[in-house]
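# Build the 3D model from these lines:
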Amino acid sequence: MTVLTLSDIGFDAPRALLARYGLVLVQTRDGDAIPGSYWGDREAGIIGSTVYARADTPVHSLLHEAGHLLVLPPERRAGVHTDATDSVPEEDAVCVLQGLLAEVLGIDRTRLWADMDSWGYTFRLGSARAYVEQDAEAAWQWLIAHGLLDAQRRLQLP
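Residues are numbered from 1 along each chain as shown. Reported below is the predicted structural model:
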């Protein structure tokens, strides 16, 4: 399966979604290195409140890196460069959050989870979907406690 990229969905909708949270999406030219990319190659990057991506960047990568900024209070975002956190609870929360953000963009979360699996994400239960549906209770509660979801686990859009 080919993963969904920004060339498939465009930059406008992701840019508008991120802007709602006070984030900026910058499109990097094809072939250029992506600033703030932890993994390099096609992976999205983060510096401060800015997310960088190219047309060949996977949507799951963009949403994952944006999710790292969303779970941080705005005052901590300013200090982010490339690596947002070493917190396991934050990382787990981001893995749940990126599926919810995908749905705002009109992408079924199961598609995003499949893309994560094919890209090489690994989870104890063998897949991103199994993790979110069966093993992520602490991440769901973390997102609720931090005001990103309501008690019914619905995304709280600004």
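# C-alpha from now on. contacts and neighbour counts both.
Will do.
# Pop the domain breakdown of the chain in here.
6-77, 88-145 (automatic domain parsing).
# Select, out of the ones you listed, the one closest to residue 157.
domain 6-77 (7.4 Å; Cα to Cα).
# next one: the closest one to chain centre, how far?
Taking Cα atoms, centre = their mean, to the nearest Å, one finds the center of domain 6-77 at 8 Å from the center of the full chain.
# What distance separates the opening and closing residues of that domain?
One end of domain 6-77 sits 24 Å from the other (Cα to Cα, to the nearest Å).
# rewinding a little: in a markdown table: the domains of the chain, plus mean pLDDT and mean neighbour count.
Below are those laid out as a markdown table (pLDDT from 0 to 100; neighbours: other Cα atoms under 10 Å):
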| stretch | mean pLDDT | mean neighbour count |
| --- | --- | --- |
| domain 6-77 | 95 | 19 |
| domain 88-145 | 93 | 18 |
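# okay, those domains in CSV with distance to residue 157 next?
Putting these into CSV (distance: least, Cα to Cα, whole Å) gives the following:
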stretch, distance to residue 157
domain 6-77, 7
domain 88-145, 9
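# for those domains, which one sits closest to residue 158?
domain 6-77 (5.9 Å).
# What's the separation between residue 33 and residue 27?
In terms of Cα to Cα, residue 33 sits 11 Å off from residue 27.
# wait, residue 70
Taking Cα to Cα, one finds residue 70 at 19 Å from residue 27.
# Check residue 16 too.
Taking Cα to Cα, one finds residue 16 at 13 Å from residue 27.
# Then residue 45?
In terms of Cα to Cα, residue 45 sits 11 Å off from residue 27.
# okay, and the common contacts of the two?
52-53 (Cα atoms under 8 Å, 6 or more residues apart in numbering).
# Pull the residues that contact the helix or strand that contains residue 75.
If you go by DSSP states H and E, residue 75 is part of helix 74-77. Contact with helix 74-77 is made by 48-49, 69, as judged by Cα under 8 Å, 6+ apart.
# Okay, and which of those residues map to helices?
Counting by DSSP state H, the contacts of helix 74-77 place residue 69 in helices.
# still on that earlier bit, looking at the domains of the chain, which is nearest to residue 154?
It's domain 88-145; of the domains of the chain, that one is closest to residue 154 (Cα to Cα) at 8.2 Å.
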